[in-house]
Structure formats: C-alpha cells, structure tokens
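[1] Everything below, folded, please.
(one chain, ligands or ions: 1)
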Amino acid sequence: MIIFIISLLVFLNLFFLFFINKKKIKKILYKSKIKSVDLEKVDDIFVNNKINEKLCGPKQEVIVKNFCITANNYIVGMTSDYEAWIISSLSKISNQIFEFGTCSGKTTYLMALNSPENAQIITLTLKPENISEIKMDKFDNKISFRNIINESIYEKFLFSETKYENKIKVIFQNSLNFDEKSFSNNFDLIFIDGGHTYSIVKSDSEKSFEMLRSNGIILWHDFVPGKESAKNVVRYINNISKEKNIFHIKNTSLCYYRKN
Ligand SMILES: C[S@@+](CC[C@H](N)C(=O)[O-])C[C@H]1O[C@@H](n2cnc3c(N)ncnc32)[C@H](O)[C@@H]1O
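    This is a model prediction of the structure:
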C-alpha cells in the first residue's frame with residue numbers, strides 16, 4: 001500500500017512538473033538542428049548606430065512604416081510585430097519581392113509600404129475554391145493541412161483598394177503548380193509562409209532557392225520546434241540545413257538563408 005501511495009505521488013509530481021515546464025521540456029525534446037543568431041548577423045542594417053557610450057540607436061533603414069492589428073479584428077496566420085519589423089526593414093532594401101502565402105495580406109502590405117517606389121511584390125495564395133486542389137501527402141502533418149483550409153479564406157486583402165496595390169501582383173494558384181523557371185535569379189527577398197505541410201514547404205523552398213538572386217535572402221516563417229502545426233517546417237529546415245547555410249533568428253520564428 002505504502003509503495004503504491006509513493007508511486008502515485010511520484011507520478012503526480014512528474015505529471016505537474018511536465019505541465020508547468022511543458023515549453024522547456026518540448027525545447028529539449030525537439031531540439032533545433034540549426035544555429036540561432038543575433039539579428040545583426042542577418043544584415044548590416046540591423047547593426048545599431050552608436051550615439052554615445054551608453055546609447056545605440058536604429059539606422060535609417062530600419063525605421064519603417066507600420067500598423068498593428070488589434071485582437072478584436074480577428075485575422076489568422078500573422079507574424080509577430082517584431083518579425084513584421086524585420087521583414088519591413090529588409091523590404092526597404094529590396095526591389096523584387098516574392099511571398100508564398102498571402103492570407104490577409106498583412107505582410108504583403110508592409111512590404112509594399114516599405115519597399116522602394118519602383119519595387120514589385122508578387123504574392124501567391126489560395127482562394128477558398130482552390131482548396132479542393134490540395135491533397136495530403138503521406139509525410140504531411142494533419143494540423144498543418146487543416147490550417148491551410150482555415151487560412152485560405154481571403155480574396156480581398158488589407159492592401160486592396162489602397163494606393164500601394166499597384167506594387168503588388170496577387171497570383172491565386174496552388175504553389176505546387178507554380179512555374180518558377182521564368183523567375184530564376186530574380187528576387188532580393190522571398191518570404192515562405194504558405195502551406196506548412198512537408199510537401200508544400202519543400203516545394204516552395206526549392207522554388208525559392210531557384211528564384212533567389214545573388215546576395216538575396218529567403219525567410220521562412222514558423223520555425224517553432226515542438227509546435228505541432230510547425231512540425232513539418234522544422235523538419236524540412238533541419239533536413240535542408242545539411243546542404244544549405246540556414247540560420248534561425250533569435251527571439252523569432254524566422255529562419256533565413258542568404259545566397260552568396
Ligand atoms: C500563414 S498564412 C500566410 C500569412 C501571411 N504571409 C502574413 O504574414 O500575413 C498561409 C497562406 O498560405 C496559403 N497557402 C497554403 N497552401 C498554399 C499552396 N499550396 N499554394 C498557395 N498558397 C497556399 C493560404 O491560402 C494562406 O493564405
């Protein structure tokens with residue numbers, strides 16, 4: 001009886017410890033295979049100007065146009081404000097930009113607001129009626145597949161009918177059928193944030209490597225080891241990082257690759 005009570009207490013303790021430290025435990029179990037770096041390593045624009053011995057401040061390139069979406073304006077699939085600022089800053093020095101996955105168009109709008117006047121942004125996404133084209137592959141995560149359906153709900157975007165719309169070309173197409181050949185070595189900045197299933201992340205990434213120009217940057221969203229809906233993103237990036245120099249940006253869910 002005593003042994004039973006002690007075992008039960010040990011079990012309950014472990015059970016509570018697990019729930020209290022769920023995040024920490026997941027971090028240990030789902031260890032990232034890629035190196036996390038400070039934002040300053042991504043680009044010189046993020047290295048602060050020294051004002052005096054005690055104070056450093058932002059360079060002009062990272063002072064951006066921004067907007068926030070309030071919680072009661074329920075919008076799915078968004079980046080954090082910090083991630084949005086990073087993408088806006090990189091947009092300021094990019095003329096040709098490509099995005100996989102438009103959703104509400106929040107990031108697309110920020111790219112248009114901040115990129116040079118003559119910049120061009122192409123964003124590729126699914127309309128609700130395209131959903132039936134998406135099939136689950138055998139290695140695809142179920143939750144990621146369900147999210148594709150939940151996030152493919154917009155046909156009008158946050159930038160629709162604004163003066164920035166003329167910088168943006170929206171392509172409604174399954175990215176698996178998108179032909180990247182005519183865009184070889186074309187883009188300065190590519191943001192991969194479309195379907196998060198293994199087959200789609202792999203295909204979008206391979207197309208991005210082809211479309212990226214020299215010195216250009218690819219950013220992946222949702223690199224969160226341990227998060228169920230991001231499982232396939234993490235697995236793909238961990239796998240491809242054996243061949244490509246990919247880094248995780250500290251305090252974000254972003255990873256990046258820069259083409260030499
Ligand atoms: C996470 S949301 C994108 C969020 C957006 N980038 C932002 O920052 O606001 C994912 C988007 O990818 C699109 N998507 C998912 N699978 C796709 C596919 N196979 N081809 C094209 N778009 C896809 C969905 O329709 C949805 O709009």
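[2] in this protein, which residue is closest to the centre?
    Against the mean C-alpha coordinate of the chain, by Cα atoms, centre = their mean, the closest residue is residue 221 at 1.3 Å.
[3] Show me what from the stretch 101-250 of the chain comes close to the ligand.
    With the criterion set to Cβ under 6 Å from any ligand atom, the stretch 101-250 of the chain comes near the ligand through 101-104, 106-107, 124-126, 134, 148, 151-152, 174-176, 193-195, 200. Using the backbone N, CA and C atoms, a C-beta is placed for each residue, glycine as well.
[4] now the strands for this structure?
    Along the chain, counting by DSSP state E, strands occupy 36-37, 49-52, 55-57, 96-100, 120-125, 168-172, 187-192, 212-220, 246-249, 255-258.
[5] Residue 72: which of those strands is closest?
    Residue 72 sits nearest to strand 120-125 of all the strands of the chain, at 24.3 Å, using Cβ to Cβ.
[6] Against which helices or strands is that closest one packed?
    Packing partners of strand 120-125 (3 or more Cβ pairs under 8 Å, 6 or more residues apart in numbering; DSSP states H and E): strand 96-100, helix 106-114, strand 168-172.
[7] what mean pLDDT does stretch 253-260 have?
    The average pLDDT within stretch 253-260 is 97.
[8] quick one: contacts of that stretch?
    Stretch 253-260 is contacted from outside by 34, 42, 80, 83, 86, 209, 212-224, 230, 237, 244-249, using Cβ atoms under 8 Å, 6 or more residues apart in numbering.
[9] ok now do the closest residue to the ligand within the stretch 151-260 of the chain, which residues does it touch?
    Nearest residue of the stretch 151-260 of the chain to the ligand: residue 195, at 2.9 Å (Cβ to the nearest ligand atom). Neighbouring residues of residue 195 by Cβ under 8 Å, 6+ apart: 101, 134, 144, 148, 175, 201, 204.
[10] swap the cut-off to 6 Å and go again
    When contacts are counted by Cβ atoms under 6 Å, 6 or more residues apart in numbering, residue 195 is found next to residue 148.
[11] one step back: would you format the helices and strands packed on strand 120-125 as a markdown table with mean neighbour count included?
    Below are the helices and strands packed on strand 120-125 laid out as a markdown table (neighbours: other Cβ atoms under 10 Å):
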| stretch | mean neighbour count |
| --- | --- |
| strand 96-100 | 25 |
| helix 106-114 | 24 |
| strand 168-172 | 17 |
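[12] Of those, which is nearest residue 162?
    helix 106-114 (7.6 Å).
[13] pLDDT (mean, whole number) over the closest one?
    On average, helix 106-114 scores 98.
[14] Run the angle between it and strand 120-125 for me.
    170 degrees (axes from the mean of the first three to the mean of the last three Cα atoms, to 10 degrees).
[15] Check which helices and strands helix 106-114 sits against.
    Helix 106-114 is packed against helix 81-92, strand 120-125, with contacts defined by 3 or more Cβ pairs under 6 Å, 6 or more residues apart in numbering; DSSP states H and E.
[16] most neighbours per residue, which of these?
    Scoring the helices and strands packed on helix 106-114 by mean neighbour count under mean count of other Cβ atoms under 10 Å gives strand 120-125 as the most buried, with a mean of 23.
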